[in-house]
Structure formats: C-alpha cells, structure tokens
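my questions are about this predicted structure, shown below with the sequence.
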Amino acid sequence: MSKSSLQMKKKQAPKEEEQPELKGTFIAVMGLGLFILISWFIVYFIFVAR
Amino acid sequence: MHLHKYEKIWLIFGIGSLILFLVVLGVGAFYKGTHPPSHLATIDPQNVQAHESFMDENLGLRQVGEDQYLVSVIASAFNYNLGTDEDGKAIRTVRIPVDSTVVFQVTTTDVIHGFQLAGTNVNMMVEPGYISSLETTFKKPGTYTLLCNEYCGTGHHIMAATVEVYQP
Ligand SMILES: [Cu+2]
C-alpha cells in the first residue's frame, strides 16, 4: 500500500529529479586542481628567484 | 542541459585556469620575447669550426662588453670543449664575475647533449645542426657544475665542467 503510493507520488512529480551526490567528487576535483596550481606557482617562483 | 551546481564551479575553475595559463604563455612569448634555446640558428655539424663562434681561438669565455660575456662551447661525446689555456691545456673551469650578463652558445658535433648548470636556470638541449643559446645573469657567487642531462652514451656521466661565479 505504502509502496504503491510512493510510486504514485514519483510519477506525479517527475520534475523533482534526485540530484547526484557529488560532494566527494567536488573535493577531489578541486583538491587536484589546487595541487596543480600551487605546484606551478612554486616552480615559477623558483625559476624567478634563480 | 542541466548542470549540477558543483559541476559549474569546477568547470569555471578549470576553464579559468586554462585561460590564465594561456595568457601567461602569450605574455611570455609575445611581450617578453621568450623562445626556445635553439631558435632556428643552424650550423653544419660536420664542420662547426667553420662558424666564427666555434673556431678554436673563440671557444670558451670571451668578454664582449663591460659586463658582458660570451661562452662558446662545442659539446661532443663525452666532453665540453671550452678552448685551451696558454699552456695548451684544455680548460675545465670558466670564471665569470657576479652580476654580469652571460650568453652561452653551444653546438654539438655528434649526438644530442644536455647543457645544464646545476642550481641555475641555464638548462638546454643541444642538437646537432643547431646552435642553442641562452642569456643569463648570475646573481649569486658560487661554483656551479656544468653537466650533460641527455643520455649520450657510455661516458655520459663523466661529461661535466665547472663554472665559477666570483665576486670581483
Ligand atoms: Cu650525456
């Protein structure tokens, strides 16, 4: 009974799609991006200082 | 197309980084005039002595201005030819005063060699048929090792010389 009513609800509101959970992906992507960016600037400042 | 909020953020970050580095590259190339060390200057590798810079008497260190020096080097397996001293002995150490402008111009008679002054920005590839040149100013006195960093054969590890930067 409750199962069928849940399916009914889903069918009635198809616009409310569930957002994928991307928090872990976001942290990984930004972490890698910052690592590349910071490494580049470290090497750049070594180059300028020499 | 629907994009997740996080996707928007990392796409902006990624494309922004791309634009930033392309601008850095453009400023370096077109405004600062940075170019690779072997910049289209060619030479006959069979007969490098025919070139004015690589004649026996012009090898090694030459003073060309008040604070300007030119170092011409012929690299070959497994040696850097820096010319000879008054006694006819091969020079192994080049002495340059601190804060002077030095242009290194190097070519090779056989295979590809490296030309690196450890601890400085002097680092280039030396290819047969080309003259690699690089301008630098030594800001810190010290003894720098000139070494080959492109594997060139069995004696690669003994291919080295010294550059001494001194306080005059
Ligand atoms: Cu080598």
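Sure, I can see it.

domain-wise, how is chain B divided?
B:1-35, B:41-166 (automatic domain parsing).

endpoint to endpoint, the longest one covers what distance?
In terms of Cα to Cα, to the nearest Å, the two terminal residues of domain B:41-166 are separated by 31 Å.

distance from it to the middle of the chain?
On the basis of Cα atoms, centre = their mean, to the nearest Å, domain B:41-166 sits 8 Å off its chain's mean C-alpha point.

over to the shortest one?
Average the C-alpha atoms of domain B:1-35, do the same for its chain, and the two points are 29 Å apart (Cα atoms, centre = their mean).

list the buried ones in that domain?
Of all the residues in domain B:1-35, those buried under the rule 16 or more other Cβ atoms under 10 Å in any protein chain shown are B:6, B:10. From N, CA and C alone the C-beta is placed, and that goes for glycine too.

mean confidence score for that domain?
Domain B:1-35 shows a mean pLDDT of 92.

A:Phe47 and B:Asp44, how far apart?
As judged by Cβ to Cβ, to the nearest Å, A:Phe47 and B:Asp44 stand 34 Å apart.

between these two, who's got more neighbours?
Comparing A:Phe47 with B:Asp44 by other Cβ atoms under 10 Å in any protein chain shown, the one with more neighbours is B:Asp44, at 13 against 9.

contact partners for that one?
Counting by Cβ atoms under 8 Å, 6 or more residues apart in numbering or on different chains, B:Asp44 touches B:50-51, B:129.

hang on, it in a strand?
No - per DSSP: H, G, I helix; E, B strand; the rest coil, B:Asp44 lies outside any strand segment and is coil.

and it, backbone torsions?
In terms of degrees, to the nearest 10, the main-chain angles of B:Asp44 are phi -80, psi 110.

where's it relative to B:Gly129, distance?
8 Å.

so who does B:Arg92 touch?
B:82, B:161-162.

ok, B:Val98 touching B:Tyr166?
Yes - contact criterion Cβ atoms under 8 Å: B:Val98 and B:Tyr166 qualify, at 6.7 Å.

pull up the overlap in contacts between these two.
The contact sets of B:Val98 and B:Tyr166 overlap at B:Pro141 (Cβ under 8 Å, 6+ apart).

would you map the helices across chain A?
Under the criterion DSSP state H, chain A contains helices at A:2-12, A:23-49.

for the longest one, which positions count as buried?
Same thing as helix A:23-49. Within helix A:23-49, the residues that count as buried by 16+ other Cβ under 10 Å are A:26, A:29.

how about stretch B:42-60?
For stretch B:42-60, the neighbour count (16+ other Cβ under 10 Å) marks B:43, B:45, B:48, B:51, B:53-54, B:59-60 as buried.

among those, which two are most distant?
B:Pro45 and B:Gly60 (19.9 Å; Cβ to Cβ).

thinking again about what came up before, mind putting the contacts of B:Asp44 in TSV, pLDDT, secondary structure and distance to B:Phe115 included?
What follows is those, written out as TSV (pLDDT from 0 to 100; DSSP: H, G, I helix; E, B strand; the rest coil; distance: Cβ to Cβ, whole Å):
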residue	pLDDT	secondary structure	distance to B:Phe115
B:Ala50	89	helix	21
B:His51	89	coil	17
B:Gly129	93	coil	16
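
how close does the nearest residue to B:Glu7 once chain neighbours are set aside get to B:Phe78?
Nearest non-adjacent residue to B:Glu7, counting by Cβ to Cβ, 6 or more residues apart in numbering or on different chains: A:Leu22, 7.2 Å away. Going from A:Leu22 to B:Phe78 by Cβ to Cβ gives 55 Å.
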